[in-house]
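Visitor: Sequence and predicted structure are below.
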Amino acid sequence: MSGFLSPLHIEEIPGDNCRWRLLEPCIYRLGSPDGTEWVDVPTSFVTDFGSIPQLFWNLPGLSPFGKLRRAYVVHDKLYVAPVVRTATSARAIDRAEADRILLEAAEVLGANWLNRRIIYRGVRVGGWMAWNGHRKAQAEKAAREAGCV
């Protein structure tokens, strides 16, 4: 089974109780704790943890502030920068793989089968909005940098 190689060290962003900044990198290995692929979430990365509607926060195991925070951070990072690294290279992933990594990370952190499935179905149904928003922002940034805008 995969594994997290670091604890989560975060701080709340002043004036914004729904967004947090990483104080240290968060590393998640795919497949096993000594697997050859990983997701590296850098220091200063900003997350809202799970974008779970507040209505559902009180349901057991679904709060974005519970034990699954590291899984949500990894998933947020993959939506912003969909890249999995190895010692010598990196590869782009699609949204479906990012969502499967969330499912795997939730299992590693001890989420039960039902909660994992609810979270996974939620990101499969509603995650396209965030995914497309990040792709659009990246395209606009690239166009600005190329002098096209």
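Guide: Good, I have the coordinates. Residues are numbered from 1 along each chain as shown.

Visitor: Which strand in the protein has the most residues?
Guide: strand 16-22 (DSSP state E).

Visitor: what comes up buried for that strand?
Guide: By neighbour count on 16 or more other CB atoms under 10 Å, the buried set for strand 16-22 is 20-22. C-beta coordinates here come from the backbone N, C-alpha and C atoms, glycine included.

Visitor: try stretch 131-148
Guide: For stretch 131-148, by 16+ other CB under 10 Å, it's 131, 134.

Visitor: Name the residues that touch it?
Guide: Outside stretch 131-148, the residues within contact range by CB atoms under 8 Å, 6 or more residues apart in numbering are 79-80, 95, 98, 149.

Visitor: Specify which member of these is nearest to Pro14.
Guide: Val80 (21.5 Å; CB to CB).

Visitor: what about the closest one, how many neighbours?
Guide: If you count neighbours by other CB atoms under 10 Å, Val80 ends up with 18.

Visitor: Then the one 5 residues further on?
Guide: Neighbour count of Arg85, defined by other CB under 10 Å: 15.
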